[in-house]
Each structure stands twice: as C-alpha cells, then as structure tokens.
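> Fold the following, please.
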Amino acid sequence: MLRSVSPYNTALAGQVATVFKGETLRSMLLNAYGWWKVSQIAYIASIIAFALGGLVLLTSAFALATGRKPATTADALPNRKAHVKVA
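A predicted model of the protein is given here:
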C-alpha cells in the first residue's frame, strides 16, 4: 500500500497523468462539440428567420401594390361649389 502512494512510484505517476490528461481532453472536446452543435442550430434558425422575414416583406409589398380600394358609398362632406361672384 505504501508503495503505490509513494512519490517515487513512476508507473503510478505516469498512469495518473495519463488518466487526468485523457479526461481533461475528453471534456474539452465534448464541450467544444456541444457548443459547435448549438451554434449550428442557431445558424440554421437565423437563416430560416431571415427567409420568413423576406417572405413577409414581399407579401406585404404585393398586398400594398395590388390591394383593393373600398368603394365609396357616400362622401362625408359633399362637394359644394362656393358661390363667388366675379365682378
């Protein structure tokens, strides 16, 4: 037991260093992969959002250009010619 805890045990020290570095590398790579995946999904969502925004812009411009104008049934103020006498 004392032999494995001894600071002079190079085999154990090498194994501990390898395990620590391996776990650290694995966690860093998984973290990088996870955030890459999040950014990939956000990129695709932003492209879809811009495409939908452009579609809404086009449809609203089309509706404004070709929209119906309601028929006027009665004027609020009928046109009255002013009676001005010209001398």
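> per-residue confidence averaged over stretch 27-47?
Across stretch 27-47, pLDDT averages out at 97.
> starting at the chain centroid, how far to that stretch?
13 Å (C-alpha atoms, centre = their mean, to the nearest Å).
> How about stretch 22-29?
29 Å.
> which SSE is the one residue sitting closest to the centre of the chain in?
The centre of the chain sits closest to S46, judged by C-alpha atoms, centre = their mean, with a distance of 3.9 Å. Taking DSSP states H and E as the criterion, S46 maps to helix 10-66.
> Now do that helix: which elements does it pack against?
Of the remaining helices and strands, none touches helix 10-66 by 3 or more C-beta pairs under 8 Å, 6 or more residues apart in numbering; DSSP states H and E. Backbone N, C-alpha and C define where each C-beta goes, glycine included.
> Just the local confidence number for N79, please.
Predicted confidence (pLDDT) for N79: 69.
> same question, F20
Here the pLDDT value assigned to F20 is 74.
> who are the neighbours in contact with it?
For F20, no residue meets the contact criterion (C-beta atoms under 8 Å, 6 or more residues apart in numbering).
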